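[1] Below are the sequence and a predicted model; questions follow.
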2 protein chains.
Amino acid sequence: MKLVLERASELPLYRQLAEQIREYIRSGALSPGTRLPTVRQLAAEHGITRLTVQTAFNELQALGLVESFVGRGSFVAEKPPVALTAPLKLREGAQPPPQWFSQTLFADMLRLADHPDLISMVSAIPEGNAIPLPELQRQLKQAARDISAFMYGPAQGEPELREEIAHLLLDRGIVTSPDTVLITTGAQQGMDIVLRTLATPDEVLVVEEPTYPGVIELAAQRQQRVVGVPVDEHGIMLERLEEVCKTYRPCLVYTIPTFHNPTGVSLSSERRQQILQMARTYDFYLIEDDVYGFLSYREPAPLALKSLDAEGRVIYLLGFSKILAPGLRLGALVAGNGLLPEILSTKRTSDLTCSPILQRCLSGYLRKRHLTTHLQKLRHFYQERLEAVCGAAEIHLSGCGWRKPEGGLCFWVNLPQGINERDFYLEAAERGVGIMPGRAFFPQLRHEAYMRLSFGSNPPQRLIQGISLLGELLEEHGRRRLALASRAGRAVAQVV
Amino acid sequence: MKLVLERASELPLYRQLAEQIREYIRSGALSPGTRLPTVRQLAAEHGITRLTVQTAFNELQALGLVESFVGRGSFVAEKPPVALTAPLKLREGAQPPPQWFSQTLFADMLRLADHPDLISMVSAIPEGNAIPLPELQRQLKQAARDISAFMYGPAQGEPELREEIAHLLLDRGIVTSPDTVLITTGAQQGMDIVLRTLATPDEVLVVEEPTYPGVIELAAQRQQRVVGVPVDEHGIMLERLEEVCKTYRPCLVYTIPTFHNPTGVSLSSERRQQILQMARTYDFYLIEDDVYGFLSYREPAPLALKSLDAEGRVIYLLGFSKILAPGLRLGALVAGNGLLPEILSTKRTSDLTCSPILQRCLSGYLRKRHLTTHLQKLRHFYQERLEAVCGAAEIHLSGCGWRKPEGGLCFWVNLPQGINERDFYLEAAERGVGIMPGRAFFPQLRHEAYMRLSFGSNPPQRLIQGISLLGELLEEHGRRRLALASRAGRAVAQVV
């Protein structure tokens, strides 16, 4: 690909670059699926900054001409951009999303998740009914009485909230002092600041396979090396983890040991002991994401991995989005062992501190012990939904593999062989059902097809309706495959 | 330095490391001021992770045995840790700060800034009286009425708030669409996500010298290469910037062109044109930090650099901490030119989104046009304080260099020759006055001594009292220097 950039031109460099690549694509000189040179390569080759190249690529992505994939690079798009929301009516007055927002599949999914006419099982979030509005309003009003709530607070978080969280963590088996607690903007920020503090991009981060997409996107943003370790019905597979440790000497292992997202499994108690031993042997730290730990439906939830952590190898993350209200944007991180000062310094450089107004609202809510009652209600509320999903899956997803989770908000489905995840996702959206395609959960591309159904944000009837529509779609796919196979059979017969 | 680490030992590796270095320091084998090997070196030499070494260093820092400096490394501490707050009485019931929090000078200063008995001119923040509490309470209550405020909002921010901000920016000369606005957790997060999106740590970030300490701390956290360019009475010196551009090919230049922190100067209109031209010539982007832009006291403030930016070379940052209330933790970023998608993706991986509750509170406040009236009041409020500071400086800081700023919250003082900044800062604190020592504002150590006095958070009388105490301290330093000089004279006389 020959590119000519003129610094003297009126046209900015990035635009010159974008227009020339666009011409190559239009003319067919670069065919669909062709891998483009990396940002770094183009920058070096033409003596321009990576920023200029990245800006050009962004333009091409926004136009739907180029697709970028985590860890694989940028490619000429396979087909012209699909008008994802075309078959759905936009609600009166709702604004269409800005075009550039549709650049990645993940962003697409989030956008789709908000569409009012969709039965969305995309995001693992509660719905409005599950939020204790009057009590939160009361606490917010109370918090706003004091002018000091409108000032800066300590970077580590409000002392009262840290105390309440230390108290709450007793329910997860964690005995710790408020001094070890740092308040974060949700568990996502906890993840981000731990990664930034403890790992350089060239050090390996180990994740489960599948895992929470937010950690994959975060690693991609950091250009962090990620290695996945498969999960079976007892959680992360330790013999595979050990191989990875020997090969890559990772410094961090990110895990969701309780009600894993997306599979719903929990790490067995035997493996909990073993993984801590491995952390010591191979000198790595564990990030325990426990955002679903309070959402158990049958037996009491396994205690947190952190509760067994005598040596301070576990950095524990909690969030209040799944169990109280995402709009508070609050979570907590627990770290001991001399790690907290560095982590706190990263928090401070990230955004100084979380809002004291919201922190005091939450600490007031926790101090009144409202959360215990709320969690009891929430467990019944979600369990009813989970039962509806399992019942509907028995009937409509008979050709798929799935396992009933014991907690959390995720229902993980192995789709029948031969199904293309992306097509399935798009076709489901066209029929009015939002799902999360499996590829979002894997750091590398996979052959097997999966989808995640989140059952938190729809009432049982709507979940059943959604799964029945997915069942119809699966049947249709089955018929298409049969027809293809029989045509292929005829073709073979003619040739022979 | 010989270190023996036993993996089979009961003692964790980091602790073995810390205890052996501690022993070397105690025994005197490592003398004060000795530079320690880097984390990377020790990790490589002993086949352990950097995390283990860093944890050991953190322990030693917490004990006051080791000091770390931005960009220079870690050293054996010069003297045993000073009990900074000893001469001040802790208010009844106030908890002492956890020990590890005192690890860096910056953290020390922030801690000191909160001390109730101190005349603190440390932080550039408003005081409670300057916050329009009743109106914010009303807007907060209004925002909390709708359950959707407690859910996730769009990553880019609430559309209503982005509209209000686009409208507000007209006052700074910026004509832009709400689509180019991203809501951030204060200007600090804006800085952080721009750096993370647009610069790898090995690319050079240019800053003014002196500059806002938060950007230096952020760069240090990222191990980003930073190069400083001096500021004169017309702002950043462009001939020096050009040299830096030729040598380092920076990708980003961070600047505070209006009411610069800490010097209070504004970039001249001629240089504003020139720096944009240079951005084009040398292919870099500008981060314009405009957190003080609305705080002009005499003439109208110069319009934002962004208002002249035809080519999309300026990423503009705004914060509401200095002009409304830090506790809202809200700011905004404006970027065009295809940069926003990547920046937005970094925001999403950082913390998903800002709280819709607080965003709607702010947008309600802005929609009612309360900010205009508030800013008028605020300008009078701060101007009175600035006049008090200048009057007191005329009398008490006669041996120092300073210039009256035209806006902002910072008063920058060049201390007389021979004064050690750190000693001066500690002695001032002992007398009950909090200042920011100059070194916090420079990416590299300097010989000249400075201090920054922030005049936002104290009433005029207290500011005058604080400056008079500083004057006394300066006089005492003068007397000590004279006495030393005369002793030195005698000593010389005796030898001769």
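    Perfect, thanks for sending it. Numbering: from 1, shown residues only, chains lettered A, B, ... in the order given.
[2] what's the span of stretch A:230-244, first residue to last?
    Stretch A:230-244 has an end-to-end distance of 11 Å (Cα to Cα, to the nearest Å).
[3] near chain B at all, that stretch?
    No: using Cβ under 8 Å from any Cβ of the partner chain, stretch A:230-244 never reaches chain B; the gap is at least 15.0 Å. Glycine gets a C-beta too; all of them are placed from N, C-alpha and C.
[4] which parts of that stretch are buried?
    Residues of stretch A:230-244 classed as buried: A:231, A:235-238, A:240-241, A:244 (neighbour count, 16 or more other Cβ atoms under 10 Å in any protein chain shown).
[5] Just the ones of the residues you listed in helices?
    Among the buried residues of stretch A:230-244, the residues falling in helices (DSSP state H) are A:238, A:240-241, A:244.
[6] Pretty sure A:Leu333 sits in a helix.
    No: counting by DSSP: H, G, I helix; E, B strand; the rest coil, A:Leu333 is located in no helix; its state is strand.
[7] the domain parsing of chain A - what is it?
    A:13-76, A:99-128+A:380-495, A:133-372 (automatic domain parsing).
[8] got the residues of the stretch 151-300 of chain A near chain B?
    So the stretch 151-300 of chain A meets chain B at A:151-156, A:159, A:179, A:184-186, A:188-189, A:192, A:196-198, A:200, A:203, A:214, A:217-218, A:221-223, A:249, A:251, A:283-285 (Cβ under 8 Å from any Cβ).
[9] Out of the ones in helices among the buried residues of stretch A:230-244, which comes closest to chain B?
    A:Val244 (15.0 Å; Cβ to the nearest Cβ).
[10] on contacts alone, who are the packing partners of the helix or strand containing A:Glu23?
    Per DSSP states H and E, A:Glu23 falls inside helix A:13-27. The contact analysis (3 or more Cβ pairs under 8 Å, 6 or more residues apart in numbering or on different chains; DSSP states H and E) places helix A:13-27 against helix A:50-62.
[11] mind exporting stretch A:259-271 as CSV, just the C-alpha atoms?
    C-alpha atoms of stretch A:259-271 as CSV (Å, rounded to 0.1, in the frame of the first residue of the first chain):
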residue,chain,number,x,y,z
PHE,A,259,-21.1,-16.8,40.5
HIS,A,260,-18.7,-16.2,37.6
ASN,A,261,-19.6,-13.9,34.8
PRO,A,262,-20.7,-15.2,32.3
THR,A,263,-20.8,-18.9,33.2
GLY,A,264,-22.4,-18.7,36.7
VAL,A,265,-20.1,-21.3,38.2
SER,A,266,-18.3,-20.9,41.5
LEU,A,267,-14.8,-22.0,42.3
SER,A,268,-14.8,-25.1,44.4
SER,A,269,-13.5,-24.8,48.0
GLU,A,270,-10.6,-27.2,47.2
ARG,A,271,-9.5,-25.0,44.3
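[12] what about the closest residue to chain B within the stretch 351-496 of chain A, how many neighbours?
    Here the residue of the stretch 351-496 of chain A nearest chain B is A:Asp351; by Cβ to the nearest Cβ that distance is 3.9 Å. When neighbours are defined as other Cβ atoms under 10 Å in any protein chain shown, A:Asp351 has 28 of them.
[13] How much space separates it from B:Glu342?
    19 Å (Cβ to Cβ, to the nearest Å).
[14] okay, the angle between the helix or strand where A:Ile193 lies and helix B:186-198?
    Using DSSP H and E, A:Ile193 sits in helix A:186-198. Counting by axes from the mean of the first three to the mean of the last three Cα atoms, to 10 degrees, helix A:186-198 lies at 60 degrees to helix B:186-198.
[15] next SSE after helix A:186-198?
    strand A:204-209.
[16] next structured bit after that next one?
    helix A:213-222.
[17] CA-only coordinates of that next one, as PDB, when you get a sec.
    Extracted in PDB, the C-alpha atoms of helix A:213-222 (Å, rounded to 0.1, in the frame of the first residue of the first chain):
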ATOM      1  CA  PRO A 213     -15.800  -8.100  28.800                       C
ATOM      2  CA  GLY A 214     -14.900  -5.000  30.700                       C
ATOM      3  CA  VAL A 215     -11.500  -6.500  31.700                       C
ATOM      4  CA  ILE A 216     -10.800  -7.500  28.100                       C
ATOM      5  CA  GLU A 217     -11.600  -4.000  26.900                       C
ATOM      6  CA  LEU A 218      -9.500  -2.500  29.600                       C
ATOM      7  CA  ALA A 219      -6.500  -4.700  28.700                       C
ATOM      8  CA  ALA A 220      -6.900  -3.900  25.100                       C
ATOM      9  CA  GLN A 221      -7.000  -0.100  25.900                       C
ATOM     10  CA  ARG A 222      -3.700  -0.600  27.800                       C
END
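[18] name the helices or strands packed onto it?
    Using 3+ Cβ pairs under 8 Å, 6+ apart as the test, helix A:213-222 ends up in contact with helix A:186-198, strand A:204-209, strand A:225-232, helix B:186-198, helix B:340-351.
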